[in-house]
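Peer 1: next input, structure requested:
(chains A and B)
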2 protein chains.
Amino acid sequence: MAVMYDRVAVIGLGLIAGSLFYASRRAGLVGEMVGFARSEETRAVAREIGLCDRIADSAGDAVEDADLVLLCVPVGAMEQVAREIAPRLKPGAVVSDVGSTKGAVIAAVSPHMPSGVHFIPSHPLAGTEQSGPRSGFAELFDNRWCLLTPLPGTDESELAKYRAYWEALGSNVDEMDADHHDLVLAVTSHTPHLIAYTMVGVADDLGRVTDSEVVKYSAAGFRDFTRIAASDPTMWRDVFLSNKEATLEILGRFTEELFALQRAIRTGDGAHLHDYFTRTRAIRRGIIEAGQDTDSPNFGRNKP
Amino acid sequence: MAVMYDRVAVIGLGLIAGSLFYASRRAGLVGEMVGFARSEETRAVAREIGLCDRIADSAGDAVEDADLVLLCVPVGAMEQVAREIAPRLKPGAVVSDVGSTKGAVIAAVSPHMPSGVHFIPSHPLAGTEQSGPRSGFAELFDNRWCLLTPLPGTDESELAKYRAYWEALGSNVDEMDADHHDLVLAVTSHTPHLIAYTMVGVADDLGRVTDSEVVKYSAAGFRDFTRIAASDPTMWRDVFLSNKEATLEILGRFTEELFALQRAIRTGDGAHLHDYFTRTRAIRRGIIEAGQDTDSPNFGRNKP
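Peer 2: Numbers count the residues shown, from 1 in each chain, chains lettered A, B, ... in the order given. Below you'll find the model as predicted:
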């Protein structure tokens, strides 16, 4: 494939930035990729393993002459980075981010963007429970969705080009406004993560069941929760603080439903439970049909 | 390996029974396995695909002359089955079950067992979101735990033999009392399943986010929940009704913790969130070290 951006800067060198580097290289989309991370140790690891073509010593140096700047830091760090890079951005550059919430990132970043720079927020719905500079891989975005939440008045040709970049990375791309994005993600990602964190914490607290028993006997249900709850704590703290309103709304609905099921258990209302569980099965089938997961049992952990 | 039981009967022909058949055959543990399921359609499928050496037309016929009888029906069906097979059991036979709760199964089954028959409850901690006669496979129990909850006074040599059978199927085996089993499982399996069911139901209910959006954009968090929530509705209804006390206790702890995290989000207490999320990460590491899961990212759905 042809080079789409001659020089790309990635700020933050975790799972997403690393995967952007490997996926861009796989498809030959980028002339040179320059990276920066605030932690000296992370920069040293990146240099050691050849993550990025070059590692800069400041965010400002990294974005020098870059055609595309990708902010891959936790949402709570976006404003500080935007402030640092703003005076060094090349006129006409595209700035984007990969944050999990969009309203808060737009509020943090856009006031700092010089005129003539195109800010196009994005969010790849891809991740694993791993983090850090060694966690990226080229296939992370393959057949996953990337959501763009362009601001009103965004340059159409830069938007189309940035969209094509994500498609070339392997993603499917959709556009929506930032508020709707934040509600959708509160349902599909943020609240489920909070619930998983909570359940894992409860298990750890319980005096009469030892941690070793929890670990030994964690069958499918709990094991999947621990995987979710192993995700990066800083990233997730920032997600909840920056998507407060939608998360609290969905949490309210969740506890309402949970109390209804709890009541059905206490009163022995088997019909209510059976109906509820039958309905939820259908959603799973939809996800498999939409190609967003495999139907091989147990995610292929056991091979039939 | 040598044949351990000349004739084995399995009652109920779902995921566990099917896997028992294939795993027993793989290791040559059983002379003949006879199966029965209440549904005529299930029996027809079993005959068609060669599940079991022979399919009987009644539970009583199936257990005729069997040395080992395995009850693989939902917990709520155990009492009826126990009543049906009791008069046909061979003196000295071992009867066991694979139910997810043990106190309720013991209460349902043991009053019907004739003297001279050995009832040894068991629970393999293995499963997938699939169910039905086509869902079993030989590797299901490999390196998973099987918990035995023997009653006081159980014949030691029959217990040792039955334990060795599970080990030969590929499992690790532990023994504990039924009450403790039910509490441990409420934490590691039953409550997590209820929570996953609830979250999937909430997503389905939400008017402003379409099902199609939920399905398309379900990233890791929600996707794992839908897998759990796709499990067999009848089995899970019976689990909650038969492990009411422990499940309600753990649910109470869960909502208490959830409310504390919800409050931290509303008040913007990032330190509380970060501390909590850091602590839950450690449990995950324990599970990987205990060999109960893989640390390959995303369960190997994306290969690095």
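Peer 1: counting neighbours, what do you get for A:Glu41?
Peer 2: As a burial measure, A:Glu41 scores 10 neighbours (other CB atoms under 10 Å in any protein chain shown). No exception for glycine: its C-beta is placed from N, CA and C like everyone else's.
Peer 1: do you know how far it is from A:Leu13?
Peer 2: 11 Å (CB to CB, to the nearest Å).
Peer 1: average pLDDT for the helix or strand containing A:Ser96, rounded please.
Peer 2: Per DSSP states H and E, A:Ser96 falls inside strand A:94-97. Averaging pLDDT along strand A:94-97 yields 98.
Peer 1: tell me the strands beside that strand, with direction?
Peer 2: If you go by DSSP bridges, strand A:94-97 pairs up with strand A:68-71 (parallel), strand A:118-119 (parallel).
Peer 1: output the below-cut-off pLDDT ranges for the stretch 151-300 of chain A.
Peer 2: A:219-221, A:287, A:291-300 (pLDDT under 70).
Peer 1: burial of the residue in the stretch 1-150 of chain A that chain B sits nearest to, as a residue count?
Peer 2: In the stretch 1-150 of chain A, no residue comes nearer to chain B than A:Thr128, which is 3.3 Å away by CB to the nearest CB. Using other CB under 10 Å, A:Thr128 is surrounded by 23 other residues.
Peer 1: just the pLDDT for it.
Peer 2: A:Thr128 is given a pLDDT of 81.
Peer 1: just say which of the strands paired with strand A:94-97 is most tucked in.
Peer 2: strand A:68-71 (a mean of 27; mean count of other CB atoms under 10 Å in any protein chain shown).
Peer 1: and for that strand, what's in contact with it?
Peer 2: For strand A:68-71, contacts defined as CB atoms under 8 Å, 6 or more residues apart in numbering or on different chains pick out A:5, A:7-12, A:17, A:20, A:30, A:63, A:78, A:81-82, A:85, A:89, A:93-99, A:109, A:162, A:165.
Peer 1: try 7 Å
Peer 2: A:5, A:8-12, A:20, A:63, A:78, A:81, A:85, A:89, A:93-98 (CB atoms under 7 Å, 6 or more residues apart in numbering or on different chains).
Peer 1: helix or strand next in line after that strand, which one?
Peer 2: Immediately after strand A:68-71, counting by DSSP H and E, sits helix A:78-85.
Peer 1: I'd like the mean pLDDT over that following helix, please.
Peer 2: 98.
Peer 1: where exactly do the helices run in the stretch 201-304 of chain A?
Peer 2: Secondary structure of the stretch 201-304 of chain A (DSSP state H, counting those that start in this stretch): helices at A:211-216, A:220-229, A:233-242, A:244-267, A:270-289.
Peer 1: would TSV of these with distance to chain B and mean neighbour count be doable?
Peer 2: TSV is the format used below for these (distance: least, CB to the nearest CB, whole Å; neighbours: other CB atoms under 10 Å in any protein chain shown):
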stretch	distance to chain B	mean neighbour count
helix A:211-216	4	18
helix A:220-229	4	27
helix A:233-242	4	23
helix A:244-267	5	18
helix A:270-289	4	18
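Peer 1: okay, these in a markdown table with distance to B:Arg144 next?
Peer 2: Listed next are those as a markdown table, based on distance: least, CB to CB, whole Å:
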| stretch | distance to B:Arg144 |
| --- | --- |
| helix A:211-216 | 10 |
| helix A:220-229 | 10 |
| helix A:233-242 | 30 |
| helix A:244-267 | 27 |
| helix A:270-289 | 22 |
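Peer 1: what about A:Val200, how many neighbours?
Peer 2: 30.
Peer 1: that one and A:Ala229 touch, don't they?
Peer 2: Yes. Here A:Val200 reaches A:Ala229: they are 4.2 Å apart, a contact under CB atoms under 7 Å.
Peer 1: between those two, what contacts are shared?
Peer 2: Shared contacts of A:Val200 and A:Ala229 (CB under 7 Å, 6+ apart): B:Thr280.
Peer 1: make sure A:Glu32 is indeed in a helix.
Peer 2: No. Counting by DSSP: H, G, I helix; E, B strand; the rest coil, A:Glu32 falls outside a helix, being strand.
Peer 1: how close does it get to B:Ile85?
Peer 2: Taking CB to CB, one finds A:Glu32 at 74 Å from B:Ile85.
Peer 1: ok, these two, which is more surrounded?
Peer 2: The residue with more neighbours, out of A:Glu32 and B:Ile85, is B:Ile85; 28 against 15, by other CB under 10 Å.
Peer 1: for the strand or helix carrying A:Arg47, packing partners?
Peer 2: Under the criterion of DSSP H and E, A:Arg47 resides in helix A:40-49. Packing partners of helix A:40-49 (3 or more CB pairs under 7 Å, 6 or more residues apart in numbering or on different chains; DSSP states H and E): strand A:54-55.
Peer 1: close to chain B: what parts of the stretch 51-200 of chain A are there?
Peer 2: A:125, A:127-130, A:137, A:139-140, A:145, A:183-184, A:187-189, A:191-195, A:197-200 (CB under 7 Å from any CB of the partner chain).
Peer 1: of these, which belong to strands?
Peer 2: A:Trp145 (DSSP state E).
Peer 1: could you save the strands paired with strand A:94-97 as a markdown table and add columns showing mean pLDDT and distance to A:Pro152?
Peer 2: Formatted as a markdown table, the strands paired with strand A:94-97 follow (pLDDT from 0 to 100; distance: least, CB to CB, whole Å):
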| stretch | mean pLDDT | distance to A:Pro152 |
| --- | --- | --- |
| strand A:68-71 | 98 | 21 |
| strand A:118-119 | 98 | 12 |
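Peer 1: would you list the ones you listed in JSON lines and tack on distance to A:His274?
Peer 2: Output for the strands paired with strand A:94-97, formatted as JSON lines (distance: least, CB to CB, whole Å):
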{"stretch": "strand A:68-71", "distance to A:His274": "48"}
{"stretch": "strand A:118-119", "distance to A:His274": "50"}
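Peer 1: out of those strands, which gets nearest to A:Gly270?
Peer 2: Of all these, strand A:68-71 sits nearest to A:Gly270, with 51.1 Å by CB to CB.
Peer 1: could you list the domains of chain A?
Peer 2: A:5-176, A:180-268 (automatic domain parsing).
Peer 1: just these: most buried one?
Peer 2: Among the domains of chain A, highest average neighbours (mean count of other CB under 10 Å) belong to domain A:180-268, with a mean of 22.
Peer 1: off-centre distance for stretch A:196-206?
Peer 2: The chain centre lies 23 Å from the centre of stretch A:196-206; the measure is CA atoms, centre = their mean, to the nearest Å.
Peer 1: contacts for that stretch, please.
Peer 2: A:211, A:214, A:222, A:225-226, A:228-229, B:187-188, B:191-192, B:195, B:250, B:253-254, B:257-258, B:261, B:276-277, B:279-280, B:283.
Peer 1: helix, strand, or coil at the nearest residue to A:Asp142 once chain neighbours are set aside?
Peer 2: Using CB to CB, 6 or more residues apart in numbering or on different chains and skipping residues adjacent in sequence, the residue nearest A:Asp142 is A:Gly170, 3.9 Å away. What three-state DSSP gives for A:Gly170 is coil.
Peer 1: now do the same contact list for A:Gly170.
Peer 2: Taking CB under 7 Å, 6+ apart as the test, what A:Gly170 contacts is A:Ala23, A:Phe141, A:Asp142, A:Asn143.
Peer 1: give me phi/psi at A:Gly14?
Peer 2: Dihedral pair for A:Gly14: phi -100, psi -150, per degrees, to the nearest 10.
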